[in-house]
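Undergrad: what's the 3D shape of this:
(chains A and B)
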Amino acid sequence: MNRVKEYRNRQHLTQFQLSKRVGVARQTINLIENNKYNPSLDLCIKLAKTLGTDLNSLFWEDE
Amino acid sequence: MKRKNSIYEKIVKHFFGIKQLDEYKLHKVERIGNLMFMADFFLLLLSVCIAGIFATMNSNFEIILLCLMGFDFALVMIEALITIVCNIRYKLDQIDVDVNSTKQTYKKLIFKGIGMALRFGFFMYIWMGFMNHLEGASWQSSFTSISLIKSSVKSGIIFGLIMSIYQIFRIKKMK
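TA: Residues are numbered from 1 along each chain as shown, chains lettered A, B, ... in the order given. Below you'll find the model as predicted:
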């Protein structure tokens, strides 16, 4: 599971607000949070930058 | 900086009714395109084979033409079905609207519906007038008949209403 939802909640953003900032549709954010869509590296970087974190903490799964 | 849409993206957005084309939607649109291509390819191949069989049997030209037109119609119907089903399944044409700007969006969509109604009504007027002329009526009588104008207005209103209702159902209010 990725931690997009967790970081989004930390920033007090709704899916709609995050989607506007990143420049994608709200459904895409919803699908990413529910692990139903694997975003491109470009989108991952945009998400990490918008949420003020890095790719590792956002997408890396701890064992 | 805002990226400029390519012509391909503009056509895709217009064809599928997508407001914001992002990578997920583009991925799904390409998947739908592949599905359509496979259906088209199979049907076209089948239609050519069957038309070829009719041709070797020395059948009438009309039968071959009818067969090809039948397959063509089936092809268009299957494409439309794939587009509608995938659009509903992947919610490609959903419009996310901020709660505060819902009224403006409704207004925009209603104006869009009126525009569609006018265009459709005008198209029907031209098309039906042309068909009347082909059936033997003079240019003047075929384009100035009251029944033609009435039916064009009716079809325009019905089309505009249906499209407006469809567009309003696509809206999803967001906080």
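Undergrad: switch to C-alpha atoms for all contacts and neighbour counts from now on
TA: Will do.
Undergrad: Show the pLDDT at the residue in chain B positioned nearest to chain A.
TA: Chain B approaches chain A most closely through B:Asp22 (5.3 Å), counting by Cα to the nearest Cα. For B:Asp22, the model assigns a pLDDT of 89.
Undergrad: again with B:Lys2
TA: For B:Lys2, pLDDT reads 56.
Undergrad: Equivalent analysis for B:Ala137, please.
TA: At B:Ala137, pLDDT is 80.
Undergrad: and stretch A:20-39, does that touch chain B?
TA: Yes: contact of stretch A:20-39 with chain B (Cα under 8 Å from any Cα of the partner chain) involves A:Gly23, A:Val24, A:Ala25, A:Arg26, A:Thr28, A:Tyr37, A:Pro39.
Undergrad: any chance of those in JSON lines, plus pLDDT?
TA: Below are these laid out as JSON lines (pLDDT from 0 to 100):
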{"residue": "A:Gly23", "pLDDT": "91"}
{"residue": "A:Val24", "pLDDT": "92"}
{"residue": "A:Ala25", "pLDDT": "90"}
{"residue": "A:Arg26", "pLDDT": "90"}
{"residue": "A:Thr28", "pLDDT": "92"}
{"residue": "A:Tyr37", "pLDDT": "92"}
{"residue": "A:Pro39", "pLDDT": "93"}
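Undergrad: Now rank the residues you listed by neighbours and give me the top one.
TA: A:Ala25 (24 neighbours; other Cα atoms under 10 Å in any protein chain shown).
Undergrad: OK, contacts around the nearest residue to it once chain neighbours are set aside?
TA: Leaving aside its chain neighbours, A:Ala25 sits nearest to A:Ser19 (5.7 Å; criterion: Cα to Cα, 6 or more residues apart in numbering or on different chains). For A:Ser19, the contact set (Cα atoms under 8 Å, 6 or more residues apart in numbering or on different chains) comprises A:Ala25, A:Arg26, A:Thr28, A:Ile29.
Undergrad: what about residue 39, helix or strand, and which?
TA: Using chain A here. Per DSSP states H and E: A:Pro39 is located in neither a helix nor a strand.
Undergrad: Wait, chain B was what I had in mind.
TA: Per DSSP H and E: helix B:23-56 holds B:Ala39.
Undergrad: mind giving me the domain ranges of chain B?
TA: Chain B breaks down by automatic domain parsing into domains covering B:1-93, B:95-175.
Undergrad: tell me the angle the longest helix along chain A makes with helix B:23-56.
TA: Secondary structure of chain A read by DSSP state H shows that its longest helix is helix A:41-50. Using axes from the mean of the first three to the mean of the last three Cα atoms, to 10 degrees, one finds that helix A:41-50 and helix B:23-56 are set 160 degrees apart in direction.
Undergrad: and helix A:41-50, is it in reach of chain B?
TA: No: judged by Cα under 8 Å from any Cα, helix A:41-50 and chain B are separated, with a smallest distance of 8.6 Å.
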